[in-house]
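K.L.:
What follows is a predicted protein model with its sequence.
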Amino acid sequence: MKTRSGKVHIYENRGACSVETSDGDIRMITPWAITEDVTLVTRGGEIVFRAFTGTCGIFDIDCVNGKVLTRVEAGDWRVVDPRNDHDTLHATLGPCKNKILIRNVDAPVTLSIVPEPMEYGSLFSAP
């Protein structure tokens, strides 16, 4: 999906997803484990990716002039890339080879892999 100047909220997604927007938040919140490719790209809007434990893949997150907040409560979470800092995250979770690509400018990215991802509602963005 591609849009301009709009918020995109995705709930209970089960598979691959690609979203590009500008000047709007992206929230992908699902009670399912994500094991397929995901791309989330915006500028100036917050990105929230919250999914069920069992989610796996290769995470490539870059947040220019923002920060990356993470909470991963289960799985083989490996964050060892020397490029990682407050606004960049390159990591793997579990054995999957799918890519989870997240890009943002001037706003934060929140990544949460938790047992009850729907528990906090759609507005809560803390990891």
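P.N.:
Yes, it's here.
K.L.:
quick one, strands of this protein?
P.N.:
Along the chain, the stretches classed as strands by DSSP state E are 8-11, 17-20, 26-29, 38-41, 47-52, 57-64, 68-72, 77-78, 88-93, 99-105, 109-114.
K.L.:
now the ones you listed as CSV including mean pLDDT and mean neighbour count?
P.N.:
For every residue, glycine as well, the C-beta is placed using N, CA and C. Below are those laid out as CSV (pLDDT from 0 to 100; neighbours: other Cβ atoms under 10 Å):
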stretch, mean pLDDT, mean neighbour count
strand 8-11, 93, 15
strand 17-20, 95, 16
strand 26-29, 95, 22
strand 38-41, 97, 20
strand 47-52, 96, 24
strand 57-64, 97, 19
strand 68-72, 95, 17
strand 77-78, 96, 14
strand 88-93, 98, 19
strand 99-105, 97, 20
strand 109-114, 96, 22
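K.L.:
Can I get these in a markdown table including distance to Met1?
P.N.:
Rendered in a markdown table, the data for these read as follows (distance: least, Cβ to Cβ, whole Å):
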| stretch | distance to Met1 |
| --- | --- |
| strand 8-11 | 7 |
| strand 17-20 | 5 |
| strand 26-29 | 10 |
| strand 38-41 | 10 |
| strand 47-52 | 14 |
| strand 57-64 | 19 |
| strand 68-72 | 23 |
| strand 77-78 | 28 |
| strand 88-93 | 23 |
| strand 99-105 | 15 |
| strand 109-114 | 18 |
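K.L.:
Lys2: which of those strands is closest?
P.N.:
strand 17-20 (4.8 Å; Cβ to Cβ).
K.L.:
And for the residue lying closest to Asp25 once chain neighbours are set aside, the neighbour number?
P.N.:
Closest residue to Asp25 apart from its sequence neighbours, by Cβ to Cβ, 6 or more residues apart in numbering: Gly45 at 4.2 Å. Gly45 has 21 neighbouring residues, counting by other Cβ atoms under 10 Å.
K.L.:
is it true that Gly45 touches Gly24?
P.N.:
Yes. The pair Gly45 and Gly24 passes the contact test of Cβ atoms under 8 Å, sitting 4.5 Å apart.
K.L.:
what touches both of the two?
P.N.:
Residues touching both Gly45 and Gly24 (Cβ atoms under 8 Å, 6 or more residues apart in numbering): Lys7.
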